[in-house]
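Participant: Based on what follows, work out the 3D shape:
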Amino acid sequence: MMHRDEILGLLFETPFDQLAARADAVRREAKGDVVHVRGIVEFSNHCIRNCVYCGLRRDNAQARRYRLSLPEVLAAAGEAAAVGADTVVLQSGDDYGMPPRALADIVEAVKTRLGLAVTLSVGERPARDYALWRSAGADRFLMKHETADAPLYARLHPGKTLAQRLAALRRLRDAGYEVGSGFIVGVPGQRPESLADDVLLVCELAADMCGAGPFVPNGATPLAGAAPGPVELTLRCMAALRIARPGLNLPATTALATLAPQDGQLAGLRAGGNVLMPGFTPADHRTDYHIYDHKRRVDMDDALDTIRRAGRVPAP
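Facilitator: Okay, the predicted model is just below:
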């Protein structure tokens, strides 16, 4: 494992062009020129948590809440499959109002009817729920640790602790999932050196995937007036992750596309990324899944164009 000082050097000292080129070379050696396209279906925006940066937070009275039915999820996932996505990502808030069996039924339907790999991103749950969804056919689970700084985590997530989040990530590993984590770059209160700890934590967790995205504020949250996270620092974090953990699946996030619409995701692929995640949430609910403001919709055409411009190929 790399040392903290080495990672800090990558994040804050190495010239950016040199860093990106090194990460891209590691990516090419470890992962080849294939880009995985994983279609997101945001099936519920209900959430019991009250995270201070997120528009899905429990206390956001402006949010128009929804849950998709099984046929609605199947239709959206079918659209993703039809245009070449290799995985469907079923994402929601921490929606304890949806019975675990209902989500298991959705997973089973996607697996049996569409033949897609399934990634879940539904937050912290008991081990029995994780086991149920795994037995239903879920392959991967994405749950960001958000920040490796425990006091900052507690401020961002009232009533919750980093220890609880890490315990949940370890339950996922025990249940047999491929596990994805991730963190926010530039969230208010973040110390620069804690980003190195984020990279180290991803390595310690032996994560299979990691999303490092810039903070983007939401006007209906306590952090409404905060500045967005720096795009270049986000790209540096991606490059450091690739160098520290070569085999990682590393998405160029939608948040990058939001802050840098022309070339944010392209730059992410060139800084070590190998995953894009276009959205397939039904049109009448896309704006309801409102984690941050001015979210740029990335569709399959956008993803394929970015892959082409990067000189890469989509996964078969």
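
Participant: Residue 119 should be in a helix, yeah?
Facilitator: No - applying DSSP: H, G, I helix; E, B strand; the rest coil, one finds residue 119 to be strand, outside a helix.

Participant: List the contacts of it.
Facilitator: 38, 87-90, 138-142, 180 (CB atoms under 8 Å, 6 or more residues apart in numbering). (Glycine included, C-beta is placed from N, CA and C.)

Participant: Next: residue 53.
Facilitator: Neighbouring residues of residue 53 by CB under 8 Å, 6+ apart: 156, 184, 187, 215, 217-218, 221-223, 292.

Participant: Just name the closest of those residues to residue 123, please.
Facilitator: residue 156 (14.5 Å; CB to CB).

Participant: Neighbours of that closest one, how many?
Facilitator: A count of nearby residues for residue 156, using other CB atoms under 10 Å, gives 23.

Participant: what's it in contact with, if anything?
Facilitator: Residue 156 touches 51-53, 146-147, 187, 189, counting by CB under 8 Å, 6+ apart.

Participant: Which of these lies at the shortest distance from residue 168?
Facilitator: Nearest member of these to residue 168, counting by CB to CB, is residue 146, at 12.0 Å.

Participant: in the sheet, who's paired with the closest one?
Facilitator: Per DSSP bridges, residues listed as beta-bridge partners of residue 146: residue 183.

Participant: correct me, but it touches residue 190?
Facilitator: No - using CB atoms under 8 Å, residue 146 and residue 190 do not qualify as a contacting pair, with a distance of 10.3 Å.

Participant: For those two, list the residues in contact with both.
Facilitator: Counting by CB under 8 Å, 6+ apart, the residues touching both residue 146 and residue 190 are residue 184.

Participant: Leaving out chain neighbours, which residue sits closest to residue 4?
Facilitator: residue 196 (5.0 Å; CB to CB, 6 or more residues apart in numbering).

Participant: looking at this, that neighbour is in a helix?
Facilitator: Yes - checked against three-state DSSP, residue 196 lies within a helix.

Participant: Contacts only, for it.
Facilitator: Per CB under 8 Å, 6+ apart, neighbours of residue 196: 4, 7-8, 11, 240.

Participant: again, only this time at 10 Å
Facilitator: Contacts of residue 196 were listed using CB atoms under 10 Å, 6 or more residues apart in numbering, and they are 2-12, 148, 237, 240, 244.

Participant: Name whatever forms a beta bridge with the closest residue in space to residue 77 that isn't next to it in sequence.
Facilitator: Nearest non-adjacent residue to residue 77, counting by CB to CB, 6+ apart: residue 88, 4.4 Å away. Here residue 88 sits in beta bridges with residue 39, residue 118, going by DSSP bridges.

Participant: How many residues are close by residue 88?
Facilitator: For residue 88, using other CB under 10 Å, the count is 29.

Participant: Verify the contact between it and residue 82 for me.
Facilitator: No - the criterion here is CB atoms under 10 Å, and residue 88 misses it with residue 82 at 11.6 Å.

Participant: Mutual contacts of those two, please.
Facilitator: Common neighbours of residue 88 and residue 82 (CB under 10 Å, 6+ apart) are 114, 280.

Participant: Quick one: the helices in the stretch 151-300 of the chain, in order.
Facilitator: For the stretch 151-300 of the chain, the helices defined by DSSP state H, counting those that start in this stretch cover 162-175, 192-204, 231-244, 254-259, 264-270, 300-309.

Participant: and of those, who's closest to residue 43?
Facilitator: That would be helix 254-259 among the helices of the stretch 151-300 of the chain, by CB to CB, at 16.7 Å.

Participant: what's the average pLDDT for the closest one?
Facilitator: Mean per-residue pLDDT for helix 254-259: 97.

Participant: ok and the longest helix anywhere in the chain relative to helix 231-244, angle-wise?
Facilitator: Determined from DSSP state H, the single longest helix within the chain is helix 16-31. Orientation of helix 16-31 against helix 231-244 (axes from the mean of the first three to the mean of the last three CA atoms, to 10 degrees) gives an angle of 40 degrees.
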